[in-house]
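1. Below: sequence and its predicted model.
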Amino acid sequence: MGALIPRPRTEIAPGAVHVPGWLGAQRQRELVAACRSWASSPVPIRHTRLPGGGVMSVQTVCIGWHWQPYRYSRIAHDVNDQRVAPFPDWLADLGRQALIDAYQDPQAASAYDPDTALINFYEGQARMGMHQDKDERCDAPVVSLSIGDTCVFRFGNTESRNKPYTDVELESGDLFVFGGPSRFAYHGVPRVFPGTGDPITGLASGRLNLTLRMTGLADW
Ligand code: MD3
Ligand code: FE
């Protein structure tokens, strides 16, 4: 949807860059279709179980590498013992273009080769508590793509899950890149606004987020 008031590209902290409206409608539709396929097989999307016995309200499916709290593997041992779908070259290309555009530097992506994506689906009251992403053995940036309902994204600090933090609204099509000193900041999604997404994306309701990462892992 064409915004009446354009939202500018913003560096909210060193290395943390928000690029509103980065994905066009067609790209969003392609990503939704790809995510639908990944959500059904070979490893179905599910509410991740936490070691303490709880389950996440967000539903997640992974490609390239499977993440379960708090490690990566090729096989989804906590779901159905299947190997996750491969990470496609076109998605790595999209990740490199994201870095170039966010950092406005043609060299920014020269060594960027993401090998996993976590695909999160928020429906109803789903949200994500403040956490750090530190199971990767690599400090390369994380690329986040949002589709569907608008959410509040909370970007904190590297010391604790508490204040100070900055709240940013993420809308369908927005890109966020987290690199450099922001890579290990606490962050979360305290709230999603139901019914704010445009069904033109192929998503009738809810919010989809893809995060592209480099794990730094290798097979033997
Ligand atoms: C900052 N996902 O999958 S995306 C996650 O919208 C996750 O589903 C949220 O946090 C979501 O781990 C937030 C923004 C994000 C993702 C990864 C980061 C911010 C990050 C890693 C490091 C620093
Ligand atoms: Fe995270």
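-> Nice, thanks for sending it over. Ligands and ions are numbered 1, 2, ... in the order given.
2. any idea how far the nearest residue to R29 once chain neighbours are set aside lies from ligand 1?
-> Once flanking residues are discounted, R29 sits nearest to G202: 4.9 Å by C-beta to C-beta, 6 or more residues apart in numbering. Every C-beta, even on glycine, is put in place using the N, C-alpha and C of the backbone. Separation of G202 from ligand 1 (C-beta to the nearest ligand atom, to the nearest Å): 18 Å.
3. Relative to H187, how far out is the residue nearest to I63 when sequence neighbours are not counted?
-> Computed as C-beta to C-beta, 6+ apart, the closest residue to I63 that is not its neighbour in sequence is A85, at 4.7 Å. Using C-beta to C-beta, to the nearest Å, A85 is found at 26 Å from H187.
4. do the same with T116
-> Going from T116 to H187 by C-beta to C-beta gives 18 Å.
5. and these two? which has more neighbours close in?
-> Shown here are T116 and H187; by other C-beta atoms under 10 Å, H187 has more neighbours (25 against 20).
6. And the pLDDT at the more buried one?
-> On pLDDT, H187 comes in at 98.
7. Please name the residues that touch the residue nearest to R29.
-> Contact analysis of G202 by C-beta atoms under 8 Å, 6 or more residues apart in numbering lists Q28, R29, V32, A33, R36.
8. my read is V61 is in a strand, agree?
-> Yes: assessed by DSSP: H, G, I helix; E, B strand; the rest coil, V61 belongs to a strand.
9. For it, give me the pLDDT.
-> In this model, V61 is scored at 99, pLDDT.
10. Can you lay out the contacts of G202 as JSON lines showing secondary structure and neighbour count?
-> Conversion of these to JSON lines gives the following (DSSP: H, G, I helix; E, B strand; the rest coil; neighbours: other C-beta atoms under 10 Å):
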{"residue": "Q28", "secondary structure": "helix", "neighbour count": "23"}
{"residue": "R29", "secondary structure": "helix", "neighbour count": "16"}
{"residue": "V32", "secondary structure": "helix", "neighbour count": "16"}
{"residue": "A33", "secondary structure": "helix", "neighbour count": "12"}
{"residue": "R36", "secondary structure": "helix", "neighbour count": "13"}
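11. And those, which is closest to H18?
-> Q28 (17.0 Å; C-beta to C-beta).
12. can I assume the closest one is in contact with S146?
-> No: in this structure, Q28 is not within contact of S146 by C-beta atoms under 8 Å, at 9.4 Å.
13. mind checking how far the residue nearest to I63 is from E136?
-> From A85 to E136 the distance is 19 Å (C-beta to C-beta).
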